[in-house]
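A.B. asks: Return atomic coordinates for the entry below.
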Amino acid sequence: MSAARVTAFAEPEIRGFLHEPEAASGEGLVLTHGAGSNCNAPLIVAVASACCDAGMTVLRCDLAFRQRRASGPPSPATAAADREGLARAVASLTARVPGPIFLGGHSYGGRQASMLAAEAPEIAAALLLLSYPLHPPAKPLQLRTQHFPKLRVPALFVQGSADTFGTFAEIEAAIALIPAHTRLIAIEGVGHDLKRGRLVLPPIIAAMRKLANVTERDGTNPRA
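C.D. replies: Predicted coordinates:
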């Protein structure tokens, strides 16, 4: 495990924490949170720390809606600002690391990351989508997949068996719409918050890297 330096990070429209590994791989990860939390959520901190231990420079950041207010859910009317903030974070991290940039988030944050990638496929080498909110609980027909057919960035989905926002079968059917490389890591006994059960992060990091490498070899993603 490498030693890491974690410092507060602030630039125009970007707020969060930068994890800098002692032995850097040259890769970067921008990571953000769900609708009900912020970049200090335990899951986000744990993933950022594990990726940093693996050599990545990680920027975990608050979405624009959370920068505006300390609590409360995001508004659909301002979701574009959340994506713009993620794009700024990626640009800032790109200026600091020489290698591929990964982009990820939990729930709402992951959805916004995937929507940004559908709009701008050069934004990242691969996506890390933790508990993708496929539909609202108990509303399986209200799918949040309209952008999936346009998504050409490889995507790693990590989903729990007790997630009320999407079952394994529903996620598998949805990601079949994505023309890029995808993979689903299914975690038994885990809900939407990914707190319960056993979430082993090194294989998840390895799978994300592998997706980017496969895409680089076949030339389907210009960012990798």
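A.B. asks: C-alpha only now, for contacts and for neighbours.
C.D. replies: Will do.
A.B. asks: element containing the nearest residue to C51 once chain neighbours are set aside?
C.D. replies: In this structure, C51 finds its nearest non-sequential neighbour in I205, 6.7 Å apart by C-alpha to C-alpha, 6 or more residues apart in numbering. Element membership of I205, judged by DSSP states H and E, is helix 201-218.
A.B. asks: Buried residues in that helix, which are they?
C.D. replies: 204-205, 207-209, 211-213, 215 (16 or more other C-alpha atoms under 10 Å).
A.B. asks: who does that helix touch, helix- and strand-wise?
C.D. replies: With contacts taken as 3 or more C-alpha pairs under 8 Å, 6 or more residues apart in numbering; DSSP states H and E, helix 201-218 sits against helix 42-53, strand 126-130, strand 155-160.
A.B. asks: by contact count, what packs against the first one?
C.D. replies: What it means is helix 42-53. With contacts defined as 3+ C-alpha pairs under 8 Å, 6+ apart, the packing partners of helix 42-53 are strand 14-21, strand 28-32, strand 57-61, helix 201-218.
A.B. asks: Which residues outside it are in contact with it?
C.D. replies: By C-alpha atoms under 8 Å, 6 or more residues apart in numbering, the surrounding residues in contact with helix 42-53 are 1-4, 19-21, 29, 31-33, 39, 57-60, 105-106, 193-195, 201-202, 205.
A.B. asks: Next one: the spatially most central residue of the chain from G191, what distance?
C.D. replies: When C-alpha atoms, centre = their mean is applied to the chain, the residue found nearest the centroid is G104 (1.2 Å). Note on G104: its distance to G191, by C-alpha to C-alpha, to the nearest Å, is 18 Å.
A.B. asks: Check E170 too.
C.D. replies: Between E170 and G191 the computed distance is 15 Å (C-alpha to C-alpha).
A.B. asks: closest to P137 out of the helices and strands packed on helix 42-53?
C.D. replies: Nearest of the helices and strands packed on helix 42-53 to P137, taken as C-alpha to C-alpha: strand 28-32 at 21.6 Å.
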